[in-house]
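# What would the 3D arrangement of this be:
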Amino acid sequence: MVRHMSLFRMSPVPKNGKTTEENIASLKEQLTLLPEKEPSILGCRVLVGVDSPPDSSEDDPVVFTQLAHQLDFKNHEDVVAYQDSHTYKEILEFAKDMVDKVVAIDFEI
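Predicted structure coming up:
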């Protein structure tokens, strides 16, 4: 099994005109719905941070995030197929005006 983890740093001044808190709630809801849209997803968790990240520059070695997303897949091929899917492209489009940075990692479990 392969776990895909994405860590989201939300924009402090979102381009969509909503507050960061509204965007976190909205993105969490959309990420939670992904298994209904993508049958290759075997498991899904969305975790919201307990505090706002400190101010940090792009050069900082640590990326502080406000939202973590965990997806489980049967194998690496399913992860790659998901990243090429319409569902994945839709979530990227949905999040683009509210997220500053995303860091992702895949690993076997």
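# Which neighbouring elements make contact with the longest helix anywhere in the chain?
The single longest helix within the chain, with elements called by DSSP state H, is helix 20-32. In terms of contacts (3 or more CB pairs under 8 Å, 6 or more residues apart in numbering; DSSP states H and E), helix 20-32 is packed against strand 2-10, strand 41-48, strand 67-73, helix 86-95. All C-beta atoms are positioned from the backbone trio N, CA, C, and that covers glycine.
# so how far is it from its chain's centroid?
10 Å (CA atoms, centre = their mean, to the nearest Å).
# Between helix 86-95 and that helix, find me the angle.
Orientation check (axes from the mean of the first three to the mean of the last three CA atoms, to 10 degrees): helix 20-32 against helix 86-95 gives 180 degrees.
# Can you name every helix or strand that the helix or strand that comes right after helix 20-32 contacts?
Downstream of helix 20-32, the first helix or strand assigned by DSSP states H and E is helix 34-37. Under the contact criterion of 3+ CB pairs under 8 Å, 6+ apart, the helices and strands touching helix 34-37 comprise strand 41-48, helix 86-95.
# Which of those sits closest to residue 13?
With CB to CB as the measure, helix 86-95 is the member of the helices and strands packed on helix 34-37 nearest residue 13 (15.4 Å).
# buried sites along whatever helix or strand comes next after the closest one?
Sequence order places strand 99-108 as the next helix or strand after helix 86-95, per DSSP H and E. Within strand 99-108, the residues that qualify as buried are 99-100, counting by 16 or more other CB atoms under 10 Å.
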